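>>> Quick one: sequence plus predicted model below, questions after.
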Amino acid sequence: MILQPDHITAEMFQQALAQLRKKKPNPALDVLRFESFTEGLCVQILHVGPYKTEPETIAKMDAFAAEKGYRMRGRHHEIYLGNPMRAAEEKLKTILRHPVEPS
């Protein structure tokens, strides 16, 4: 999941996808989609560092939610703010977000 600026439209996404398919065909492009996502009340945190250390950050989110009287519902998701091909692992930034509901 990658957050898009508000001015990006579905049409712009489709045009960019078509250009990319011509330039660098890849079967993985077939699963890309542009959509709005509403999850309701959630807990989120900015994780800085390698993806392999995310479980520690998720544990902090779980503890915070429980302390505030919430329980996790559904699955968490991630919004990637960095490019793992360009950034050092320790500088990668990922927003971790998990929907919650009152306990």
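Received the coordinates, thanks. Residues are numbered from 1 along each chain as shown.
>>> show me what contacts Gly69?
By CB atoms under 8 Å, 6 or more residues apart in numbering, the contact list for Gly69 reads Pro102, Ser103. Placement of C-beta: from N, CA and C, glycine included.
>>> That one and Met1, how far apart?
27 Å (CB to CB, to the nearest Å).
>>> Strands of the chain, residue ranges please.
Ranges of strands within the chain are 42-48, 70-72, 77-80, 93-102, based on DSSP state E.
>>> Any idea what the most centrally placed residue in the chain is bridged to?
The C-alpha lying nearest the average C-alpha coordinate of the chain belongs to Ile79 (CA atoms, centre = their mean; 2.0 Å). Here Ile79 shows beta-bridge partners Ile95, assigned using DSSP bridges.
>>> ok, now which ones touch it?
Met1, Ile2, Leu3, Thr94, Ile95, Arg97.
>>> Of the residues you listed, grab the buried ones for PyMOL.
Listed next is the PyMOL selection for buried residues among the contacts of Ile79, using 16 or more other CB atoms under 10 Å:
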select buried, resi 94+97
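>>> Now render the contacts of Ile79 as a markdown table, adding distance to Thr38 and pLDDT.
Listed next are those as a markdown table, based on distance: CB to CB, whole Å; pLDDT from 0 to 100:
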| residue | distance to Thr38 | pLDDT |
| --- | --- | --- |
| Met1 | 13 | 72 |
| Ile2 | 17 | 78 |
| Leu3 | 14 | 77 |
| Thr94 | 20 | 95 |
| Ile95 | 16 | 95 |
| Arg97 | 12 | 94 |
